[in-house]
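>>> Provided below for reference: sequence and predicted model.
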Amino acid sequence: MSSETRRALLASPTQAARAAEDRLRATYDFVPMEEADMVVALGGDGFMLQTLHSMLEARRILPVFGMNLGTVGFLMNEWRLERLEQRLERAKSFKVNPLRMTVDTVDGERFSIPAINEVSLLRETRQTAKLEVHVNDRAVLPELVCDGVLVATPAGSTAYNLSAHGPILPLGSALVALTPISPFRPRRWRGAILPESTAIRFIVLDPVKRPVSAVADQREVRDVAQVGVGIDRATPLTLLFDPEHTLDDRIAAEQFIA
């Protein structure tokens with residue numbers, strides 16, 4: 001990345017991130033977001049997702065170099081004040097294609113929302129959810145009885161998907177994980193790994209008695225009737241990582257953590 005690259009600086013509202021922002025602004029030059037060629041984001045994974053979603057909504061996609069001032073920081077680089085310009089020059093870029101969730105509600109409303117990590121369907125009450133699962137317009141599970149189900153990208157496969165005992169997907173694998181959450185029937189079904197070109201659709205069976213919500217990362221739509229999920233190739237996102245701490249290395253390493 002050229003030393004002439006114009007950088008914007010964004011920080012989460014936490015005390016640590018704000019303090020780091022002050023130190024960076026005192027040391028380096030930054031420009032307003034609308035004039036920038038790339039973004040430095042300070043915070044945790046949640047703030048990174050918020051930053052990426054804001055760019056998707058504004059339809060102005062810039063490369064993002066995150067520095068971790070949160071907890072897990074899976075999508076972030078190590079926080080350091082020194083040698084920021086050299087780090088940005090050497091940073092490796094990774095393209096991430098988000099998911100697109102298309103939702104029809106019981107009341108007839110329709111929503112289209114992007115997701116960078118995962119799309120999840122979750123029961124709203126004590127009643128288990130009953131879902132019909134379609135893959136490329138073919139009903140592969142006529143009735144899935146569960147607490148929920150999710151579709152995860154490789155970048156999101158180590159988040160909620162991993163907690164639900166889903167597979168870890170290497171970055172660049174062109175795959176998505178379809179993972180049930182506490183499945184009751186079919187009891188032995190543990191999910192599927194599918195090509196990212198797959199069109200997935202969930203139909204909620206008895207949505208009034210057994211209401212279900214759909215969540216794209218952090219955005220929720222309640223009382224859904226059906227949900228379509230697929231990769232959105234029109235808006236690829238670019239994450240920047242230090243060469244010694246790249247995202248694909250971190251994903252691989254997660255498979256050996258007990």
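Great, that's in hand.
>>> tell me where the stretch 101-250 of the chain has strands.
With DSSP state E, counting those that start in this stretch as the criterion, the stretch 101-250 of the chain has strands at 110-115, 118-123, 129-135, 138-152, 175-185, 192-195, 200-204, 212-216, 219-221, 224-231, 237-241.
>>> could you export the ones you listed as TSV, including mean pLDDT and mean neighbour count?
Bear in mind the C-beta positions are built from the backbone N, C-alpha and C, glycine included. Shown next, in TSV, are the strands of the stretch 101-250 of the chain (pLDDT from 0 to 100; neighbours: other CB atoms under 10 Å):
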stretch	mean pLDDT	mean neighbour count
strand 110-115	96	17
strand 118-123	98	24
strand 129-135	98	20
strand 138-152	97	19
strand 175-185	96	21
strand 192-195	97	15
strand 200-204	98	21
strand 212-216	98	24
strand 219-221	96	15
strand 224-231	98	21
strand 237-241	93	21
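>>> out of those, which gets nearest to Q15?
Q15 lies closest to strand 237-241 among these, at 25.2 Å (CB to CB).
>>> run me through the strand neighbours of that closest one, direction for each.
Take DSSP bridges as the rule and strand 237-241 pairs in its sheet with strand 64-68 (parallel), strand 92-96 (antiparallel).
>>> most tightly packed of the ones you listed?
strand 64-68 (a mean of 23; mean count of other CB atoms under 10 Å).
>>> can you name the element that comes right after it?
Downstream of strand 64-68, the first helix or strand assigned by DSSP states H and E is helix 84-90.
>>> for that following helix, which positions count as buried?
Buried residues in helix 84-90, counted by 16 or more other CB atoms under 10 Å: 84, 87-88.
>>> same question for stretch 50-59.
Under 16+ other CB under 10 Å, the buried positions of stretch 50-59 are 50-53, 55-56.
>>> wait, which of the strands paired with strand 237-241 is closest to P207?
P207 lies closest to strand 92-96 among the strands paired with strand 237-241, at 31.7 Å (CB to CB).
>>> how about the contacts made by the spatially closest residue to Q255 that is not a sequence neighbour?
Nearest residue to Q255, sequence neighbours excluded (CB to CB, 6 or more residues apart in numbering): I168, at 5.3 Å. Applying CB atoms under 8 Å, 6 or more residues apart in numbering, we find I168 in contact with 157-158, 162, 251, 254-255.
>>> quick one on the thing from earlier: lowest average confidence across the strands paired with strand 237-241, which one?
The minimum mean pLDDT among the strands paired with strand 237-241 belongs to strand 92-96 (a mean of 89).
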